[in-house]
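Undergrad: Kindly return the folded structure for what I paste below:
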Amino acid sequence: MQSDASLITPELIVKLIKEEMKSHKLIYGLNDLLIITEPYYCDLTHSILTLTGFSVEEQNENLYNLYDEWMKSYLSIDAYEFHQELDTMAHKLYQKLISLKLKHQHNE
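TA: Got it, this is the predicted structure:
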């Protein structure tokens, strides 16, 4: 039987990022139509940051704001291109998180 740690793979984290990116795209699109979406917001950020290795202490407002800025940067892409490039964009965001985590470790 596999340990829990071996189940946490980069592919799993990228999959969660992709799902959150799709959710953001849908939620912000519905908000533009003045549809109330707060009850349906899928907040995977905490899980993604935790699985990427950020401790609870590192998951501060600055980190959440940076992550949210990264997520919002993909919203302006039209729907067709968004879905065509989703895998690439999610991998890039994952790499940004890993780079940021390594920078945090280096500064400790």
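Undergrad: any idea which element K18 lies in?
TA: Here K18 sits within helix 10-32, counting by DSSP states H and E.
Undergrad: Quick check, L75 in contact with N31.
TA: No. Using Cβ atoms under 8 Å, L75 is not in contact with N31; the gap is 10.3 Å. The C-beta positions use only the backbone N, C-alpha and C, and glycine is treated the same way.
Undergrad: This structure: helices as residue ranges?
TA: 4-7, 10-32, 45-52, 61-72, 79-107 (DSSP state H).
Undergrad: got the angle between the fourth one and helix 10-32?
TA: With axes from the mean of the first three to the mean of the last three Cα atoms, to 10 degrees defining the directions, helix 61-72 sits at 80 degrees from helix 10-32.
Undergrad: which other helices and strands contact helix 61-72?
TA: helix 10-32, helix 45-52, helix 79-107 (3 or more Cβ pairs under 8 Å, 6 or more residues apart in numbering; DSSP states H and E).
Undergrad: Nearest residue to the middle of the protein?
TA: Among the residues of the chain, the one closest to the centroid is I17, at 4.1 Å (Cα atoms, centre = their mean).
Undergrad: Setting the sequence-adjacent residues aside, check what's closest to that one.
TA: Closest residue to I17 apart from its sequence neighbours, by Cβ to Cβ, 6 or more residues apart in numbering: A90 at 4.3 Å.
Undergrad: Surely K25 and A79 touch.
TA: Yes. At 7.5 Å, K25 counts as touching A79 under the criterion of Cβ under 8 Å.
Undergrad: So those two - more neighbours on which side?
TA: Using other Cβ atoms under 10 Å as the criterion, K25 and A79 rank with K25 on top: 18 against 10.
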